[in-house]
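Participant: any chance you could fold what I've pasted below:
(one chain, ligands or ions: 2)
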Amino acid sequence: MNFELTEEQLAVQAAARDFAQTELLPGVIERDEHQKFPAEQIKKLGELGFLGMMVDPKYGGSGMDTISYVLAMEEISKVDASASVVMSVNNSLVCWGLEKYGNEEQKQKYLTKLATGEIIGAFCLSEPEAGSDATSQRTTAEDKGDYYLLNGTKNWITNGSTASVYIVIAQTDVAKGHRGINALIVERGMEGFVVGPKENKLGIRGSDTHSLMFTDVKVPKENRIGEDGFGFKFAMSTLAGGRIGIAAQALGIASGAYELALKYSKERKAFGVEISKHQAIQFKLADMATNIDAARLLCLQAASDKDNHRDYGKSGAMAKLFASKTAMDTTVEAVQVHGGYGFVKEYHVERLMRDAKITQIYEGTSEIQKIVISRELLRG
Ligand code: CAA
Ligand code: FAD
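Facilitator: Residues are numbered from 1 along each chain as shown. Ligands and ions are numbered 1, 2, ... in the order given. Modelled structure (predicted):
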C-alpha cells in the first residue's frame, strides 16, 4: 500500500480545508442551534465540484478518485458534519448509484444536474419498520404497465425537503422477496408525494431529515434503475461505497475535536502549568491521535480498494465501524480536555460530540457493520 498523496489529492484536501474554515466555520454554531440547512454553503460546494466529486466530467462531475473524496469529506466534517452529510449522500448514494447503474437518458436528465449541485438528491431506503432489516420493505411499487404506483412511507430521509430527486426503494413483487424490490427515481412535485415535518435531532441539526409519504404516486417505468427486481442489490451495492463517505465523516469529526483539544491543552493553565503538561491529558491526546491515524488508514484502504476495483464491502464496513467509534470516543474526551468550557457551544466540541453519535447509526449501525464484516470473513 502506498498512501503517498498525489499533488492533485493534496490540492483537493487544501481546497476543502480552506472552504471549511472560510465558508463553514462562521455560522456553524448558529445553524446547529436553529436547525438551519446550510443552503448557501451547499450551493458553493456544488460550484467548487464537491457534490459530484467522482462523477465523470462528461456528466458534469469532477472525475476525482475516492481517496480525494475521503480527504475532502474529512476536512468538511472537521467543521460542519451537517454540510458533509449532504455532500456524502449526494456523492456516494445518489450520483454514484446513478452513474453506475442508471441508463444514458437517466444520466443526462438527472446526473448532470446532481453532479454540479444544481439540484441535490436523496436516497430513500429506511422505513418506520424497516431500518437495519432493509429487505422488509413495506413501500410498494405496483407494476401498472407503463408506470409504477408508489405507496408507503420512508423515514429519516436526509435532504428530505431540500432534494429535487429521490431514489426510492420499494417492493414490487412480495413473492420474490428482496429480488422483487425496485429502485425508482421520484421527482419532487410528483402528485401524491408529500414531505413530512422536519426531525428535531441530537446532532447534525443543520441537515434536513424528514419522513416522506407516497400515495398513489405514478412513477414512469423509465425511472426504474436497472432491471426489474434489481432494487435491493442496487441499494446494497450503493451503500457499500456510501459507508466509506460516512467513515470519512466520522474521521473528520474526530480529527476536528482532537485539533481543538490539542490547541486548548496548550493554552489552558491549571496548577501553574498548561494542562498539556499533565500526563493524564497527554495520554488522552496520545489515544486520540493513535485512533485517528488508524481510522484514517482504514478509510484510505477502503478508498484505495474502491479506486483499484478490489472488493470494498468489508474494508468500507471496517472503516465505518472503527472511525465512528473513534469519533464518539475522541469527542467525549475532547469535551473532557476542555472541562466546563467543553460543555458550552462556543468551543465547538460539544457539537462535535453530538454529531459523532449518528455515524454509529446511519448507513448501517455498528452492529450491522459487524454483520457485514463477519459474513465476509466466514465466507472465506
Ligand atoms: N452488493 C450487491 N449485492 C449485495 C450486497 C452488496 N454489497 N450485499 C448484499 N447483497 C445482496 C445479496 O447477494 C443478496 O442477494 P441474493 O440473495 O440474490 O444473492 C441480497 O442482497 C440480500 O442479502 P442478504 O441475504 O445478506 O440480506 P439480509 O437481509 O441478511 O441483510 C444487511 C443484509 C447487510 C443486514 C442489510 O439489510 C443492510 O445493509 N442493512 C442496513 C441498512 C442500511 O445500511 N441502511 C442505510 C440507509 S441509507 C442512510 O442511512 C443514509 C444516511 O444516513 C445519510
Ligand atoms: P433498528 O434497525 O430498529 O435497530 C435498532 C437497534 O437494533 C440498533 O442498535 C441495531 O444495530 C440493532 N439491531 C437490529 N438488527 C440487528 C441484528 N440483526 N443484530 C444485531 N443488532 C441488531 N435512511 C435512509 O434510507 N436514507 C437516509 O437518507 C437516511 N438518513 C438518516 C439520517 C438520520 C439523522 C438518521 C437518524 C437516520 C437516517 N437514515 C436514513 C436511517 C438509518 O439508516 C437507520 O436509522 C439505520 O439503518 C437503523 O435503522 P433503525 O433506526 O430502524 O434501527
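Participant: show me the contacts for residue 98.
Facilitator: 106, 107, 110, 111, 114, 167, 185, 225 (Cβ atoms under 8 Å, 6 or more residues apart in numbering). Placement of C-beta: from N, CA and C, glycine included.
Participant: can you tell me the closest non-neighbouring residue to the third one?
Facilitator: The spatially closest residue to residue 110, leaving aside those adjacent along the chain, is residue 165, at 5.4 Å (Cβ to Cβ, 6 or more residues apart in numbering).
Participant: can I assume residue 252 is in contact with residue 84?
Facilitator: Yes. Counting by Cβ atoms under 8 Å, residue 252 touches residue 84, with 6.6 Å between them.
Participant: got any residues that touch both of those two?
Facilitator: Common neighbours of residue 252 and residue 84 (Cβ under 8 Å, 6+ apart) are 73, 76, 77.
Participant: picking up where we left off before, what's across from the residue nearest to residue 110 in the sheet?
Facilitator: Following DSSP bridges, residue 165 is listed with bridge partners residue 121, residue 187.
Participant: now do the contacts for it.
Facilitator: Here residue 165 is in contact with 94, 110, 114, 119, 120, 121, 122, 185, 186, 187, 188 (Cβ under 8 Å, 6+ apart).
Participant: hmm, which of those residues are the buried ones?
Facilitator: 94, 110, 114, 119, 120, 121, 122, 185, 186, 187 (16 or more other Cβ atoms under 10 Å).
Participant: am I right that the second one is in a strand?
Facilitator: No. Note on residue 110: no strand contains this position according to DSSP: H, G, I helix; E, B strand; the rest coil, which reports helix.
Participant: how about the contacts made by it?
Facilitator: Contacts of residue 110 (Cβ under 8 Å, 6+ apart): 98, 102, 121, 165, 185.
Participant: kindly report the same for the third one.
Facilitator: Applying Cβ under 8 Å, 6+ apart to residue 114 gives the contacts 51, 52, 90, 94, 95, 98, 120, 121, 165.
Participant: and for the first one?
Facilitator: Taking Cβ under 8 Å, 6+ apart as the criterion, residue 94 is in contact with 114, 120, 121, 122, 123, 165, 167.
Participant: make it 10 Å
Facilitator: Taking Cβ atoms under 10 Å, 6 or more residues apart in numbering as the criterion, residue 94 is in contact with 51-52, 88, 110-111, 114-115, 119-123, 159, 163, 165-167, 185, 238, 242.
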